[in-house]
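Undergrad: Dropping a prediction and its sequence here:
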Amino acid sequence: MLQILGEVVEEPILEAIRTPKAIGLEIDEFTDISVTKQVDIHVRYTVKEGQVFCQFLDLVSIPDGTARTIAEAVKQVIIKQEIPQDRIFGLGTDGAAVMTGKQNGTAKLLTDTWPGLVSVHCAAHRLALACKDAAEEVPYMKTFRKHLQELHLYFQNSANRTSALKAAASVLQVADLKVTVKDTRWLSQEKAISNLQRNLPAVLATLAEQADIKKDPVARGLYTYCATYRFVAAVYLQADILPYLAQLSKLFQKEDVNFMAIKNHVPVTIETLRKIKAAGEQQPEGSFLAQVKEKVTHLNIDAEEERGRRGAPLSNLTLSARFQTQVMEPYIDSLIQHLELRFQQLAILGAFSAMGPPGPQGDESRTISDLQMLAKQFRPINEKTLLQEWQSFKVLTTTGILKGKSQLDIMTAMASGYDELHLLYPNLSLLSTIALTISVSSVNCEGFPCDE
């Protein structure tokens with residue numbers, strides 16, 4: 001009975017999946033609670049109106065987690081469910097080596113079978129890992145992340161400490177600290193930093209009370225670490241940086257995000273980080289970093305590790321210079337380096353911008369170069385024919401029915417097969433294929449738990 005009911009539900013879904021002109025796959029390998037390896041397969045496809053749908057396709061048990069085994073399992077499901085293989089253009093995965101390895105990764109093996117496949121490592125995953133790797137390379141930021149977690153657990157695991165923190169927060173007229181710190185879950189550290197920056201006086205006051213009155217050694221250790229110029233400055237540095245990274249992460253998690261978002265927004269974020277570094281001690285008014293010296297003075301911080309060799313407290317000017325050279329500059333440099341590393345394969349993704357609204361006249365040579373790159377990616381596509389189609393497409397976007405349309409509107413029109421467009425311009429089939437590929441290629445891991 002259950003099998004019959006399952007088939008009744010499954011058949012209409014499979015019919016919908018088999019119909020579209022372009023299909024994208026999302027795959028993830030994991031181990032379940034019975035220690036059995038599984039491959040989860042989702043399908044993305046467009047309908048006539050240009051809408052993109054994501055459907056669960058199958059869950060397959062596999063004997064091992066090698067790339068070849070995963071690739072074979074995916075191909076067997078596609079054959080079994082009679083999915084048209086010549087319409088598979090997109091593949092979305094996480095960044096595990098077994099998925100993205102250049103020589104023998106799952107994506108490479110599937111591309112050998114389906115040459116037109118565009119493989120994309122989840123952009124939000126890349127961003128989270130770039131941030132984590134950057135912090136790991138700077139000694140102080142590595143311990144900083146560790147102490148943030150310890151600080152959260154210290155209050156979370158004790159009702160009495162939480163009550164003491166709330167009491168201190170009430171006296172100081174700030175909100176109580178209640179955060180979860182877990183970097184790989186979409187930069188949730190941004191929320192932790194935001195709360196901690198607002199609640200820092202209450203946190204330090206509570207730790208000092210627990211250390212002096214309760215004689216709590218854990219509180220003493222946390223207070224010694226946190227009651228320093230460097231810690232306060234690191235909190236405020238993160239408070240300035242993380243909102244930009246969190247904004248980028250949220251963008252990459254949108255359901256309708258496409259390749260052009262990566263090409264356009266990652267460089268902007270990197271340039272923003274460069275400006276923060278270049279400003280040094282002359283941060284713009286209104287930034288958190290510009291408030292560090294005033295905040296440290298207000299908190300009356302005088303911890304042992306902030307003293308000089310002869311025991312005399314170091315000046316805020318000296319501490320600020322030391323923070324700049326030892327923490328802030330190397331951390332921002334590392335962050336930029338890892339963002340560039342994680343998003344270095346922007347060429348083929350950026351080439352899809354040829355399908356957008358027309359740019360300045362001088363950009364035409366760049367657009368032609370992008371189209372030539374796309375012709376190589378989609379091997380059945382003839383370069384000369386593609387360039388001819390683009391001339392018609394250019395007319396449509398400058399004076400025709402696509403004039404003034406947004407990137408998303410153009411993609412929808414090209415991918416949907418509107419009768420009006422394709423009756424008037426039947427020679428846009430190759431560009432429509434590219435537009436369909438953009439639509440069904442998964443920029444993020446929609447539908448999957450995204451922990452690395």
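TA: That came through fine.
Undergrad: Give me the three-state assignment for Phe30.
TA: strand (DSSP: H, G, I helix; E, B strand; the rest coil).
Undergrad: Show me where the stretch 351-452 of the chain has its strands.
TA: For the stretch 351-452 of the chain, no strands are identified by DSSP state E, counting those that start in this stretch.
Undergrad: Please enumerate the helices of it.
TA: Along the stretch 351-452 of the chain, counting by DSSP state H, counting those that start in this stretch, helices occupy 364-377, 383-398, 407-416, 419-424, 429-440.
Undergrad: for the second one, packing partners?
TA: With contacts taken as 3 or more Cβ pairs under 8 Å, 6 or more residues apart in numbering; DSSP states H and E, helix 383-398 sits against helix 364-377, helix 429-440. For glycine as for every other residue, the C-beta is placed from the backbone atoms N, C-alpha and C.
Undergrad: Lowest average confidence across these, which one?
TA: Lowest mean pLDDT of those: helix 429-440, a mean of 67.
Undergrad: what about the most centrally placed residue in the chain, helix or strand, and which?
TA: For the chain, Ala124 is the residue whose C-alpha lies nearest the centre (Cα atoms, centre = their mean; 1.7 Å). Assigned by DSSP states H and E, Ala124 belongs to helix 123-137.
Undergrad: buried residues in that helix?
TA: 123-135 (16 or more other Cβ atoms under 10 Å).
Undergrad: how far does that helix sit from the chain's center?
TA: 9 Å (Cα atoms, centre = their mean, to the nearest Å).
Undergrad: Could you list every helix and strand that it packs against?
TA: Using 3+ Cβ pairs under 8 Å, 6+ apart, helix 123-137 sits against helix 139-156, helix 229-252, helix 329-342.
Undergrad: Adding distance to Lys295 and pLDDT, write the buried residues of helix 123-137 out as TSV.
TA: Output for the buried residues of helix 123-137, formatted as TSV (distance: Cβ to Cβ, whole Å; pLDDT from 0 to 100):
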residue	distance to Lys295	pLDDT
Ala123	35	77
Ala124	32	77
His125	34	79
Arg126	33	80
Leu127	29	83
Ala128	28	81
Leu129	31	82
Ala130	28	86
Cys131	24	86
Lys132	27	85
Asp133	29	88
Ala134	24	91
Ala135	22	88
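Undergrad: Need these in a markdown table (columns: distance to Phe144).
TA: A markdown table is the format used below for those (distance: Cβ to Cβ, whole Å):
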| residue | distance to Phe144 |
| --- | --- |
| Ala123 | 26 |
| Ala124 | 23 |
| His125 | 23 |
| Arg126 | 22 |
| Leu127 | 19 |
| Ala128 | 17 |
| Leu129 | 18 |
| Ala130 | 17 |
| Cys131 | 13 |
| Lys132 | 13 |
| Asp133 | 15 |
| Ala134 | 12 |
| Ala135 | 7 |
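Undergrad: biggest separation within the residues you listed, which pair?
TA: Farthest-apart pair in the buried residues of helix 123-137 is Ala123 and Ala135; separation 19.4 Å (Cβ to Cβ).
Undergrad: returning to that earlier point: out of the helices and strands packed on helix 123-137, deepest packed?
TA: A comparison of those by mean neighbour count, using mean count of other Cβ atoms under 10 Å, puts helix 229-252 on top with a mean of 21.
Undergrad: what's the following helix or strand after that helix?
TA: helix 259-279.
Undergrad: which helices and strands sit right next to that following helix?
TA: helix 229-252, helix 329-342, helix 347-351.
Undergrad: quick one: buried residues of the next helix or strand after that helix?
TA: Where DSSP H and E defines the elements, the next helix or strand beyond helix 259-279 is helix 292-299. The neighbour-count check on helix 292-299 (16+ other Cβ under 10 Å) flags 292-293, 295-296, 299 as buried.
Undergrad: Just the C-alpha atoms of helix 292-299, please, in PDB.
TA: Output of helix 292-299 as PDB, limited to C-alpha atoms (Å, rounded to 0.1, in the frame of the first residue of the first chain):
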ATOM      1  CA  VAL A 292      37.800  51.600  20.900                       C
ATOM      2  CA  LYS A 293      40.100  54.000  22.900                       C
ATOM      3  CA  GLU A 294      37.100  55.800  24.500                       C
ATOM      4  CA  LYS A 295      35.500  52.400  25.400                       C
ATOM      5  CA  VAL A 296      38.700  51.100  26.900                       C
ATOM      6  CA  THR A 297      39.100  54.200  29.000                       C
ATOM      7  CA  HIS A 298      35.400  53.900  30.100                       C
ATOM      8  CA  LEU A 299      35.900  50.300  31.100                       C
END
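Undergrad: If anything else comes up later, I'll come back, but that's it for now.
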